[in-house]
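The following block contains a protein sequence and its predicted model.
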Amino acid sequence: MLLDTYGRVATDLRVSLTDRCNLRCTYCMPEEGLQWLAKPELLTDDEIVRLVRIAVTELGVTEVRFTGGEPLLRPGLTGIVARCAELEPRPRMSLTTNGIGLERTAAALRDAGLDRVNVSLDTLSAETFQRMTRRKRHADVLRGLAAAREAGLTPVKVNAVLMPGFNDQEAPDLLAWALEEDYELRFIEQMPLDAQHGWQRDGMITAGDILQSLRTRFTLTAEGEDERGSAPAERWLVDGGPQRVGVIASVTRPFCRACDRTRLTADGQVRTCLFATEESDLRGAMRAGAEDAEIADSWRKAMWGKKAGAGIDDPSFVQPQRPMSAIGG
Ligand code: SAM
Ligand code: SF4
């Protein structure tokens, strides 16, 4: 298994399928000028399936989340999902996507074996969406979300990041909408992972701000630690339940001590954490002809070195070189 020196076991694998994207969210990417990984650097579909197989059959991974960049831009996505669904034991599989194109692909992804999706949507306003993502695609995302729900890729979770001066007043409206549409809404605190290195602690909207804003319209009852398990989101029952809202307070209330994640970048590097500053190169080993057992061993060694926490609030914190879009959020 993938054990670290703090006794944590990683069973949840995030695989980035591409660093490219069709949006330019302000908290993630600059408007232009970001260098993409060159095609030969990217793992091929076969290499991805091989690494997922090693993770599932040799290293105890039970959950696989495909992400990016925008994973729906990866031409082989459905095939990758279908091949991973044939693994024994079969991992649970989900996708984190901006939803553009999901309208066309949701049913095929479900048929291939995808279990559920997380769709990112920060605002109900098409105009605010355009300011935040620098693209006019709001309606596509709403259609993608509906298609995911209809295809049974449920529970459909919606990820929202609040940004001052853009959508910081929208938390209660977003929650009212999500309850109505039967999506499970989770707010994510903005993290220092933007390619432009523009994040500022003082400027961010905190979990505390979000909860205060939601409580102006809803009664929230905290779920206990038992229900939370290793999930990064703290969850609240809304108006007595059963529907819930989550907040991922990665900056102000990080949940590193129960972290069960391991990450694979689109160019085949293992990362122990979103904020890791070191990576282990599995692509190089694979292309040099390493056996499965050797690759599994390198992966175990990498995870053994996982740090206790992300340390964002530590004065010595250094933002990783790779932006979120290239790590896989
Ligand atoms: N393109 C897909 C999407 O947007 O869902 C998948 C990749 S994206 C990097 C994954 C998640 O990371 C999204 O929910 C996005 O909102 C979130 N994200 C990106 N940059 C972030 C940041 N600086 N802080 C917090 N969340 C961020
Ligand atoms: Fe693209 Fe997702 Fe980053 Fe937005 S958050 S720019 S959709 S990768």
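Arrived safely. Ligands and ions are numbered 1, 2, ... in the order given.

which stretches of the stretch 151-300 of the chain have low pLDDT?
For the stretch 151-300 of the chain, residues meeting the criterion pLDDT under 70 lie at 225-228, 230.

Residue numbers of it in contact with ligand 1?
159, 161, 188, 190, 191, 193, 194 (CB under 6 Å from any ligand atom). Using the backbone N, CA and C atoms, a C-beta is placed for each residue, glycine as well.

Next, format the residues you listed as a markdown table and append secondary structure and neighbour count.
A markdown table is the format used below for those (DSSP: H, G, I helix; E, B strand; the rest coil; neighbours: other CB atoms under 10 Å):
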| residue | secondary structure | neighbour count |
| --- | --- | --- |
| 159 | strand | 20 |
| 161 | strand | 23 |
| 188 | strand | 23 |
| 190 | coil | 22 |
| 191 | coil | 22 |
| 193 | coil | 22 |
| 194 | coil | 19 |
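
Redo these as CSV? Include distance to residue 322.
Below are those laid out as CSV (distance: CB to CB, whole Å):
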residue, distance to residue 322
159, 20
161, 18
188, 18
190, 17
191, 13
193, 8
194, 11
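
Nearest to residue 122 among those residues?
Checking those against residue 122 with CB to CB, the nearest one is residue 161 at 5.6 Å.

Quick check, that closest one in contact with residue 185.
No - the pair residue 161 and residue 185 fails to qualify as a contact (CB atoms under 8 Å) at a distance of 12.0 Å.

rewinding a little: farthest pair in the residues of the stretch 151-300 of the chain next to ligand 1?
It's 159 and 194 that sit farthest apart of those, by CB to CB, at 15.7 Å.

Just list whatever residues bridge to residue 16.
residue 67 (DSSP bridges).

Could you report the distance from it to residue 329?
8 Å (CB to CB, to the nearest Å).

quick one: which of those two has more around it?
Taking neighbours as other CB atoms under 10 Å, residue 16 and residue 329 compare with residue 16 leading, 32 against 22.

what separates that one from ligand 2, distance-wise?
Note on residue 16: its distance to ligand 2, by CB to the nearest ligand atom, to the nearest Å, is 10 Å.

Likewise for residue 44?
Residue 44 sits 21 Å away from ligand 2, going by CB to the nearest ligand atom.

So what's the residue count around that residue?
Neighbours of residue 44 (other CB under 10 Å): 14.

That one and ligand 1, how far apart?
21 Å.

got it, and residue 200?
Distance from residue 200 to ligand 1, by CB to the nearest ligand atom: 12 Å.

ditto for residue 29
8 Å.

so that residue touches residue 326, yeah?
No - using CB under 8 Å, residue 29 makes no contact with residue 326, being 9.7 Å away.

quick one on the thing from earlier: which neighbours do residue 16 and residue 329 have in common?
67, 68 (CB atoms under 8 Å, 6 or more residues apart in numbering).

Poorly predicted segments of the stretch 1-150 of the chain, please.
Short version for the stretch 1-150 of the chain, where the test is pLDDT under 70: none.
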